[in-house]
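Visitor: just coords:
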């Protein structure tokens, strides 16, 4: 089922204004949720919206709160998110990092006590659309084991890296778990095998069986021991730079709220030479012969643009059941 | 076979002074090679030394050249490595990034026309020992295919992230390929299977057979499509920020020389509160029950310190054949 983008956004806004969001904040949050679905990240668009509304009702997300600057030195700043909506806090932080990069070449904003930013790529696109390189990451509640361990102690801590480009920005948006928990549930409910190993079963064997992985709670980090180390280090950076809650502390609290994030912006030379360097890299990568005839090699963000164009033209693809839930909110 | 650290270093220095290194440069380069072996990264210590000497003799690495600053804005600078020794250029760039972070909270140095830095972790440890967070990465010659492709078009572009810590720095040093090419050759020559899939065989099946992977040239990036995207984006950053050679250009040149690197430093609050946050994260991670009884969960860099202590006490472990080659240089 497809719904026009503006209708999706208007519906989100209607609901948010009913739960203490000002008109301006409701407009901004609704846009982000609608854009996430528009760009094909349905898990952090429409599908996540009812959860977000519940978090607001539960007091985990406080719509009236604003982030404030707590300290800083030159091109780096620490902010307190005051448990406000994670998407709005993240927008403000990336915007501030852009300003710092404009003035200093590079800028960094770390924020504590913020909330889930939904799709991390949103803030990568934000930086790239302003003509800046954007790097951002967040910690989360523990949802995968460290390498060599059985119990979840690491977050899937998404990492976003965006590079501005005339003919479509390059935006990498990767979580550390090979497959998101939501993705595993999708495969489980369809009774399908994962295309590639996504974790371990209870016997400790690499598995493509989503149900077995969900049962063992042993989701695979990207690159086995490497992703395990990367997740730990991103949590260290987010926690140390913001002075906020670590994955350990978030998990101890029992609910994913009051998390820590980092936003780094760098000002590239946006000249013809730089543009040519970027095209050279992308076109070279695409010369690799495809594994399957008729397919092509894509750069991160390329398929986002295709999905966006289709969803804007034909209406945004929605899960009918979730859409009806939202209409009833 | 074990050789005292000082003897290893003295031997490296003797050879370097014989191929146009000044006493000072020979001392610094010899220290880095010896320290890499001391820390257990034998592939980029003794084992790589004869290749480095050959590169100097072939004119790919120019010992007399110095890196120079080409431009900059506030906390970000562009340098030209002038094809000097990659380790010395990298040391200078990380040192400059530390100075920029000291003055601005965060600093970034991008360098073009530099050479292989050997162990990327060297510069992470450098930042951490100065009390700074260090993030650095490099591009390389193409050695793995992009996701969905058959021909190598991406570098294994190592990424280093270091966090200073009183009781042992946390230093992540990860290449994008799941296993280094050198590692695959090790397994092939021993006739052993890889512990985990490291690439595809010629039939396109995930494989633990190093020989089959080397034949297909389809090394696996960490996290399949995710590592493929990460490698591309790191190459974009290194190339765009330095204005230097991309993996495409390096590969077209046929020899891995004149590569591009980025060094970012951030000044953390080095206070008791920050130290406590770090310990909380590490000790929480270690509470995950181990997969195999009697083992423990390690953080990145932890085993380096153990290997370092042993190699300093008992002598640095060396490959006897390579050691004899070096003695004859």
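Guide: Alright, I've got the coordinates. Here the structure is a predicted model, which means the values were calculated and not measured.
Visitor: next one: residue A:157 from residue B:216, what distance?
Guide: 32 Å (CB to CB, to the nearest Å). Placement of C-beta: from N, CA and C, glycine included.
Visitor: more neighbours: which of those two?
Guide: residue A:157 (29 against 19; other CB atoms under 10 Å in any protein chain shown).
Visitor: list the residues that contact that one.
Guide: Shown in contact with residue A:157 (CB atoms under 8 Å, 6 or more residues apart in numbering or on different chains): A:137-140, A:175-176, A:230-231, A:234-235, A:238, A:247.
Visitor: those residues in strands, which ones?
Guide: A:137-138 (DSSP state E).
Visitor: what about chain B: which of the contacts of residue A:157 touch it?
Guide: Applying CB under 8 Å from any CB of the partner chain, the subset of those adjacent to chain B comprises A:230, A:234-235, A:247.
Visitor: list only buried entries from those residues.
Guide: Neighbour counting with 16 or more other CB atoms under 10 Å in any protein chain shown marks A:230, A:234-235, A:247 as buried within these.
Visitor: number of residues surrounding the closest residue to residue A:170 other than its chain neighbours?
Guide: Sequence neighbours aside, residue A:163 is the residue nearest to residue A:170 in space, at 4.4 Å (criterion: CB to CB, 6 or more residues apart in numbering or on different chains). Per other CB under 10 Å, the neighbour tally for residue A:163 reads 30.
Visitor: can you tell me who residue A:79 pairs with across the strands?
Guide: Residue A:79 has these beta-bridge partners by DSSP bridges: residue A:69, residue A:111.
Visitor: how far away is it from chain B?
Guide: With distances taken as CB to the nearest CB, to the nearest Å, residue A:79 is found 14 Å from chain B.
Visitor: average model confidence for the host helix or strand of residue A:323?
Guide: Per DSSP states H and E: residue A:323 is located in helix A:320-327. Regarding helix A:320-327, the rounded mean pLDDT is 96.
Visitor: again, but for stretch A:114-125
Guide: For stretch A:114-125, the mean per-residue pLDDT is 98.
Visitor: how far does it stretch from one end to the other?
Guide: Stretch A:114-125 has an end-to-end distance of 20 Å (CA to CA, to the nearest Å).
Visitor: ok now it, how far from the chain's centre?
Guide: 4 Å (CA atoms, centre = their mean, to the nearest Å).
Visitor: who's in contact with residue A:172?
Guide: Listed by CB under 8 Å, 6+ apart, the contact set of residue A:172 reads A:124, A:159-162, A:300-301, B:229-230, B:232-233.
Visitor: now, which of those sits nearest residue B:97?
Guide: residue A:161 (18.4 Å; CB to CB).
Visitor: my read is that closest one is in a strand, agree?
Guide: Yes. Assigned with DSSP: H, G, I helix; E, B strand; the rest coil, residue A:161 falls within a strand.
Visitor: ok, now how distant is the closest residue to residue A:23 other than its chain neighbours from residue A:35?
Guide: Sequence neighbours aside, residue A:17 is the residue nearest to residue A:23 in space, at 6.4 Å (criterion: CB to CB, 6+ apart). Distance, residue A:17 to residue A:35, using CB to CB: 18 Å.
Visitor: who's more crowded, these two?
Guide: The neighbour comparison of residue A:17 against residue A:35 (other CB under 10 Å) goes to residue A:35, with 22 against 16.
Visitor: pLDDT wise, what is residue A:105 at?
Guide: Residue A:105 carries a pLDDT value of 98.
Visitor: same check, this time on the one 5 residues further on
Guide: Residue A:110 is assigned 98 on the pLDDT scale.
Visitor: do the same with residue A:101
Guide: Residue A:101 is assigned a pLDDT of 98 by the prediction.
Visitor: so what's it up against?
Guide: Applying CB under 8 Å, 6+ apart, one finds that residue A:101 lies in contact with A:75, A:107, A:132, A:265-267.
Visitor: residues touching the closest residue in space to residue A:12 that isn't next to it in sequence, list them.
Guide: Nearest in space to residue A:12, with sequence neighbours left out and distances taken as CB to CB, 6+ apart, is residue A:30 at 3.7 Å. Residues near residue A:30 by CB under 8 Å, 6+ apart: A:9-10, A:12-13, A:16.
Visitor: give me the buried entries from these.
Guide: Buried by 16+ other CB under 10 Å: A:9, A:12-13, A:16, out of the contacts of residue A:30.
Visitor: of these, closest to residue B:70?
Guide: Taking CB to CB as the measure, residue A:9 is the one of the buried ones among the contacts of residue A:30 closest to residue B:70, at 46.2 Å.
Visitor: am I right that that closest one sits in a helix?
Guide: Yes. Residue state for residue A:9 (three-state DSSP) corresponds to a helix.
Visitor: circling back: would TSV of the contacts of residue A:101 with secondary structure and neighbour count be doable?
Guide: Output for the contacts of residue A:101, formatted as TSV (DSSP: H, G, I helix; E, B strand; the rest coil; neighbours: other CB atoms under 10 Å in any protein chain shown):
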residue	secondary structure	neighbour count
A:75	coil	29
A:107	strand	31
A:132	coil	25
A:265	strand	31
A:266	strand	28
A:267	coil	23
